[in-house]
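K.L.:
my questions concern the predicted model and sequence given below.
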Amino acid sequence: MWYCTVKQEFYSGVIISMDYQVFGLGDRKYRVDSQWAEDKATHYLKNITAVSNDDEGYIYVLQRSDPFMLIFNAEGKMINQWRNKEITDAHYVEISPAGEVFVVERDHHRIAVFNKDGELLRMLGDKNNPGNTGEPFNHPSDIAFSKDNNMYVSDGYGNTHVHHLNPSGELVKTWGKIGSEQGSFITPHAILVDQKDRVLVTDRENNRVQIFDQNGKYLKELSNVYHPMDIYQDKDGFIYVTDQVPALYVFNSEDEFIGRCRTFGTFGHGLTVDKHGDIYIAEMLPDGLTKLSLI
């Protein structure tokens, strides 16, 4: 495993790379590209929080500014911008199996659902009625989808729970409480339903990723991470986790740790991996959008 150092300068709060390095993560090698997005897009990058990708190869960059969403192709050309004055505290973005774009609004206690044209379709939750303890939603952080379109929400900064919703958005089950024992959370920050139908939750202040079945039964955990932020599984079953070291970890499909490298800002808040195996990291403090291209 290799660690890389990237020469950088800072311009208007955005990381600008002056060259690139090659590094290894497990048995794979990547080229670091912090200038992946076209130059004109850097004007719009402000308060980046998350990144996602869809089946067509488009990259969605979420931020707490106007526009709240920037959409790129894989070559870094910005092809669209979404604006909505109601979206002010977007935390994570996930794309459902049906192709809808779910934006989790942390401080508005809701999840906004858009189509691929950026049109608002519906809201889950009510910004004027945050849930009481154990009720959705109270500063939610992330959403994930099972193969049958059930939804799992990490809830989040006010609550310390996971909510299971059916495809219609109706509550099926809630689990969790505040604490450090198995099945408890302190800031459940991001969530993933993996290829084995397990629910993985980054339990940030407890320095672990907890793994459950879809009924909320605790199975195991991934440890040796410090304040884990985001989590993603690629098409080959590898699980990626960013944390506040700052570091990027990768585990194989059997949950075995196989590699680690640093990220390139203060920490990687958002993470996604496209169908080609390229990794995208939404950096915070300062803002940056780094692409790690598989060689």
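P.N.:
Sure, I can see it.

K.L.:
got any ranges where the stretch 1-150 of the chain has weak pLDDT?
P.N.:
1-20 (pLDDT under 70).

K.L.:
could you redo the last one with a cut-off of 90?
P.N.:
By pLDDT under 90, the low-scoring segments of the stretch 1-150 of the chain are 1-23, 26, 34-35, 39-43, 133.

K.L.:
can you classify Glu205 by secondary structure?
P.N.:
helix (DSSP: H, G, I helix; E, B strand; the rest coil).

K.L.:
quick one: it from Tyr157, how far?
P.N.:
Distance of Glu205 to Tyr157, computed by C-beta to C-beta, to the nearest Å: 11 Å. For every residue, glycine as well, the C-beta is placed using N, CA and C.

K.L.:
and these two? Which one has more around it.
P.N.:
Set side by side, Glu205 and Tyr157 show more neighbours around Tyr157, with 18 against 14, by other C-beta atoms under 10 Å.

K.L.:
is it true that that one touches Phe137?
P.N.:
No: using C-beta atoms under 8 Å, Tyr157 is not in contact with Phe137; the gap is 10.1 Å.

K.L.:
overlap in contacts, Glu205 and Tyr157.
P.N.:
Thr187 (C-beta atoms under 8 Å, 6 or more residues apart in numbering).

K.L.:
ok, Gln214 - contacts?
P.N.:
Ser146, Asn150, Tyr152, His164, Val193, Asp197, Arg198, Val199.

K.L.:
do you know the pLDDT at it?
P.N.:
Per-residue pLDDT puts Gln214 at 97.

K.L.:
can you give me the strands in the stretch 1-150 of the chain?
P.N.:
Ranges of strands in the stretch 1-150 of the chain, per DSSP state E, counting those that start in this stretch, are 8-11, 14-17, 22-25, 28-33, 48-53, 59-63, 69-72, 78-82, 90-95, 101-105, 110-114, 120-125, 140-145.
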